[in-house]
Each structure stands twice: as structure tokens, then as C-alpha cells.
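Asks: Make a model of this:
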Amino acid sequence: MSDLKLKIAFWNYDRTQALADGTVKIDGVDASFENTRIVSEIFERMIRQCEFDVSELGLTYYLRTLDFDNPPFIAIPVFPNRCFRHSAIYINKSSGIQKPQDLAGKTVGEFAMYGHDAGVWPKGILSDEYGVTPDQCRWVIGGLDWPLAPIDFIPRAQPANVNVTWAPEGTDLGEMLETGAIDALISADVPKCVLNNSPQVARLFPDYESVERNYYQQTGIFPIMHTVVVSKELLAQHPGLAQSLYQGFCDAKDVAIKQYKTGMIFNNMGIMVPWLSQLLAEDRFLLGDDWWPYGVEANRKEIDTFLRYHFEQGLSKRWLTCEDIFVPELLGT
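Replies: Below is the predicted model:
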């Protein structure tokens, strides 16, 4: 019996490279892999045309598809993108913002859409830890240093009690931050003015690494941004496929982890990052030997927290659970 042919799409990550280059095979699957210039292009092609059988999707993108009349996807507990997000909040130095509470009453830009994955987390953290809720700010949604087509392929939920406007297409929120047209910015991507060390801008948390490490020590949360979804119809036709896909992604991640661990023997000379081995040692000490876990149970706190934030921020019609969003046979992973 021939292997099942599948089209699989994800961005160019070290933890998926072993799948893309054929080092790791998915049992029973003849896979072709696709990448794109920016990861949101994968999201759009998957949601608009169901172009892939298996695809990376931002968590909020996936959750919003659950509001479709006939949701086409279900997730497996694989998380190819995760990132601490205190560092995603930027301020104009003339805005009077000295501490998180000062964001109340300010105009805040947000990259791409209201409630992108890297926006849900900071908003939730600001609310939980500092008492600053989204309704206390004015929000302007737009792009950064290159023209960004409107994210119009998923529901653009907007709470009635939150002031949200959209900047004209092609607007650069980074430029608006630098000139003071907005007071602050939340963005997955780093704006050019920050990369260029503009004296007009800064991060809300200048020592963000220490803040984020302390956040992990206090909460145990390593924020998840993206998951992997599969066509529901495909899974119905091929029992056991979800487990094979999950195992393939786990095996590929294990290859990347082994490469980093082995690289420490040779001081990771193949990568142009000074003191990388020390950073890896510090991360393993804090996050554990598997510092990028897959599976439901190892990530339940992160997932439950994101699902709560998503509901509290008016992005989900109801408060979802892990049982609502993942393949049932993988809930015990």
C-alpha cells in the first residue's frame, strides 16, 4: 500500500527542518513541504483555499476559524512558534509612559490586526499583572516597514467597549511610534526605528530578558504563538494519521535539540552567535532539557491562559478548552 500524499506547510524553523530536508519521515506519509516569505501567507492560503492538508496556523487565526459555520480544521498539540512577549511592547519616550500602568488612556498601535497572537499575550499580561485592560486604551491597527494587505480572511472580532481604528493601508506604525502619532506599539515584529536605535523610542521593559525570565519563574508559562492544524475531513478518512503527524513533528524537534546539545561540545562554532553555548545552558537550566515541549499536558497552562485571554478580549464567542481545540486522541499527550 502506497504512502498517503500530503501537502504540509510551515515556516523555516530549526525544529521543523528535519522534516523539510527528509531526515525525519512521517510514518505512512509521502509529504511535500512548503514555506513562504512570511508565515502569515501560509495562514491565508490555508484559511482561504484549504490549500494544504496540514499547516501551521497562528493560535488566534485557528481559534477564529472555529466560529465558521463548518470549521474545517482541528489542531494537533504541536507548537512551532512560541515567544516571550514583554519585549513586544514599545513606547515613544515623549509619551509620558514610565511604567505599564501609564498605558491607560494612551493610543497604542497593534501590528496586523486587533488581537494578533503577539498582541493577545501582552494584553493579557498587562491586565493580569498591572491592571491595564484593553478598554483603557485607544487602538490603531496597521502594518510596519512594508505594505501589509488587510487581514480579512478571518473574522475581525472587536469588543464593543474597546476603541479600535484601522490605519490606512501602507501605514507604518513604527514611523507613527517614532513621531509620536501613537504613544506605544505592540507587535510581533520589531519596528525599524527600534532596530535602528532611534532615540525617540524604547521598550516598555528595557531589561526585558530579566523580566521575561522572572515571568517564567513565577508562572511556568512559555507563551505559545502558533499550532499545527489538520483537515478534519482528512483525519476522518485516515484513522491514526493525527498520531503519525504528531510523532513526526516531535521527532524533528528532537533532532534540533540534539544538534544544539552536541554543538555545545564544539562551542557551537557553526553559528555566528558569541556565547551561544552559555545562553543555551542558561535556558536549559530555567526551561528544562526539552525547552520547547509539544503535547497537551506539558502546555496546558499556556493553552488555558491563552484561551482565557482570547475570550476575555472578546476574540472568542465562548471560553474554549483544550478539549474543544485538539484532536481527541492526542489529549493525553
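Asks: mind listing what F311 touches?
Replies: Under the criterion of CB atoms under 8 Å, 6 or more residues apart in numbering, the contact list for F311 reads R318, W319, L320. All C-beta atoms are positioned from the backbone trio N, CA, C, and that covers glycine.
Asks: actually G58, not the one I wrote
Replies: If you count contacts by CB under 8 Å, 6+ apart, G58 has them with V39, S40, F43, N81, H116, D117, M225, H226.
Asks: Which members of these are positioned in helices?
Replies: V39, S40, F43, D117 (DSSP state H).
Asks: returning to what we had before: let me know the closest of the contacts of F311 to F306.
Replies: In terms of CB to CB, no member of the contacts of F311 lies closer to F306 than L320, at 9.6 Å.
Asks: Distance check, the closest one against V230.
Replies: Counting by CB to CB, to the nearest Å, the gap from L320 to V230 is 18 Å.
Asks: More neighbours: these two, which one.
Replies: Per other CB atoms under 10 Å, whichever of L320 and V230 has more neighbours is V230, with 24 against 18.
Asks: Show me what the helix or strand hosting that one packs onto, helices and strands only.
Replies: According to DSSP states H and E, V230 maps onto strand 226-231. Identification of packing neighbours for strand 226-231 by 3 or more CB pairs under 8 Å, 6 or more residues apart in numbering; DSSP states H and E yields strand 54-58, helix 59-65, strand 73-76, helix 241-263.
Asks: The first one pairs with which strands, parallel or anti?
Replies: Applying DSSP bridges to the sheet, strand 54-58 is found paired with strand 4-9 (parallel), strand 226-231 (antiparallel).
Asks: re the thing from before, and which of the ones in helices among the contacts of G58 is nearest to M264?
Replies: Looking across those and measuring by CB to CB, the closest to M264 is V39, at 28.8 Å.
Asks: Reformat the helices and strands packed on strand 226-231 as TSV; add mean pLDDT.
Replies: Output for those, formatted as TSV (pLDDT from 0 to 100):
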stretch	mean pLDDT
strand 54-58	98
helix 59-65	97
strand 73-76	98
helix 241-263	96
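Asks: rewinding a little: could you single out the nearest of the ones in helices among the contacts of G58 to W275?
Replies: For the ones in helices among the contacts of G58, the nearest to W275 is V39 (28.3 Å; CB to CB).
Asks: for the closest one, what are its contacts?
Replies: V39 touches W11, E56, G58, N81, H226, counting by CB under 8 Å, 6+ apart.
Asks: so where does M272 fall, helix or strand?
Replies: M272 belongs to no helix or strand, assigned by DSSP H and E.
Asks: ok, now V24?
Replies: Applying DSSP H and E, one finds V24 in no helix or strand.
Asks: ok, it to F266 distance?
Replies: For V24, the distance to F266 - CB to CB - is 23 Å.
Asks: So between these two, which is more surrounded?
Replies: Each of V24 and F266 has its neighbours counted (other CB under 10 Å); V24 has more, 19 against 9.
Asks: quick one: the more buried one and A256 touch, right?
Replies: No. V24 is beyond contact range of A256, at 10.2 Å (criterion: CB atoms under 8 Å).
Asks: joint contacts of those two?
Replies: By CB under 8 Å, 6+ apart, the residues touching both V24 and A256 are A18.
Asks: can I assume G170 is in contact with L144?
Replies: No. Taking CB under 8 Å as the definition, G170 is not a contact partner of L144, at 10.8 Å.
Asks: Tell me which stretches of the chain form helices.
Replies: 17-20, 39-49, 59-65, 117-130, 173-179, 192-195, 208-219, 232-237, 241-263, 276-287, 300-312, 322-325.
Asks: Run through the stretch 51-200 of the chain and note the low-pLDDT ranges.
Replies: Residue ranges of the stretch 51-200 of the chain with pLDDT under 70: 147-148.
Asks: cutoff 80 now
Replies: 146-150 (pLDDT under 80).
Asks: got the buried residues for stretch 156-175?
Replies: R156, A157, Q158, V162, V164, A167, T171, D172, L173, G174 (16 or more other CB atoms under 10 Å).
Asks: quick one, what contacts the residue nearest to the fifth one when sequence neighbours are not counted?
Replies: Once flanking residues are discounted, V164 sits nearest to W139: 4.5 Å by CB to CB, 6 or more residues apart in numbering. Going by CB under 8 Å, 6+ apart, W139 touches T107, V108, G109, E110, Y114, V162, N163, V164, T165.
Asks: Relative to G332, which of those residues is nearest.
Replies: Y114 (34.9 Å).
Asks: I'd say the closest one and N163 touch.
Replies: No. Using CB under 8 Å, Y114 makes no contact with N163, being 10.5 Å away.
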